[in-house]
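Student: let's see this in three dimensions:
(chains A, B and C)
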Amino acid sequence: MASRSSSSSSSRLLPPEFYSRPTPQVAHDLIGKVLVRVLDKKRRLAGVIVETEAYGHADDPASHAHRGPTARNRVMFGPVGVAYVYFTYGSHHCVNVSARSPDRAPAGAVLIRSIEPVEGVGVMQNLRGTGNPLLLASGPGRLTQAMGITLLQNGLDMTVPGSGLCIEEAGDLEGGRRQVVSTPRIGITKAADLPWRFVDPSSRFVSRRLPAFAPSIPEQHSRSS
DNA sequence: CGCTCGATATTCT
DNA sequence: GAATATCGAGCGA
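Tutor: Just a heads-up that it's a prediction; the model follows:
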C-alpha cells in the first residue's frame, strides 16, 4: 500500500515549533491532542489529552524550575518537546513535555494530567490493575502507570518517531475540536491563583471536578448563608 | 460520603 | 526535619 492514508502516525506528530511558544498557550492547545506510547513492536497505547497544567520558571513559585536547574528538573531548561518525568510522594511518576519560548523563558513544561483512553485499553487495565475506565488514566500518577512511563522515559524526544512516547494531532477516531476552560492548578499552595490548569469541561475523564465548571447545582433546597 | 494517613524521592530549611 | 505538580486504604458518620 503506497498511499499514505489512514494510520500514518508520524505525519500527525507535533513538531518542535508547537512547543516553542508560551507554556500556558501550549498547555491550552494540547487539549484534544493524542498522547501515544509504544511499549514494544506491537503494543501501542493512546489517549486523548483532556487535562494539562503549565509550569514556568522564576516567576512561578509552584514550578520545579523556580529555583534554577537541578539534577531532577534539568529537562525543563533544555530543548522543547522533551519528556520530563519525575518521581514524587515516594510512590508516583508524573510526565511533562518541555515547552517555552526559547528566547524569552529559561524553563517551562506542561504536566499531562489526564487522558481519555482510546487504544490499548486492555493493556492499560493490566498495568493499572483495574477495569474502571474512569480510574485508568485520570490523574498524573494513574496516567503514567497506565502507560508504563517511568524515569526511564525522562529525556525522551517526543517530536521524533520511534522514541516510544510522542503526541499527535487528533485523527477522525478521536473526534473533533474540544472545548477548553482554565482553572487554578491542583495540589499546589504557591501561586494557587494562576489559572494555568486546562481541561475539556465536557470530558468525564478529568482527575477532579472543580466549581469552575461544575454542572449547575441550583440551591433548590440547600439555601444556606 | 468525607477525613486522615502512609508510601518515601527530591529538594529546601 | 519539612514540604511536595499523588493515590489509595482505612475508618467513622
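Student: can you name the residues bridging to the closest residue to residue A:144 other than its chain neighbours?
Tutor: Using CB to CB, 6 or more residues apart in numbering and skipping residues adjacent in sequence, the residue nearest residue A:144 is residue A:93, 4.0 Å away. C-betas here are computed from N, CA, C, even on glycine. For residue A:93, the beta-bridge partners are residue A:87 (DSSP bridges).
Student: and residue A:109, what does it touch?
Tutor: Applying CB atoms under 8 Å, 6 or more residues apart in numbering to residue A:109 gives the contacts A:23, A:55, A:65, A:75-76, A:84, A:96-99.
Student: just the residues you listed now: which is nearest residue A:170?
Tutor: residue A:97 (16.4 Å; CB to CB).
Student: please identify the helix or strand for the closest one.
Tutor: According to DSSP states H and E, residue A:97 maps onto strand A:92-98.
Student: avg pLDDT for the helix or strand that comes right after that strand?
Tutor: Counting by DSSP H and E, the element after strand A:92-98 in chain order, helix or strand, is strand A:109-119. Strand A:109-119 shows a mean pLDDT of 97 in the predicted model.
Student: also near DNA strand C: which of the contacts of residue A:109, exactly?
Tutor: Counting by CB under 7 Å from any atom of the strand, A:55, A:65, A:76, A:84, A:96 from those sit close to DNA strand C.
Student: which ones are touching the residue most central in space within chain A?
Tutor: Computing the C-alpha centroid of chain A and ranking residues by CA atoms, centre = their mean puts residue A:112 first, at 1.7 Å. Contacts for residue A:112 were tallied using CB under 8 Å, 6+ apart; they are A:30, A:35, A:49, A:51-52, A:95-97, A:140, A:143.
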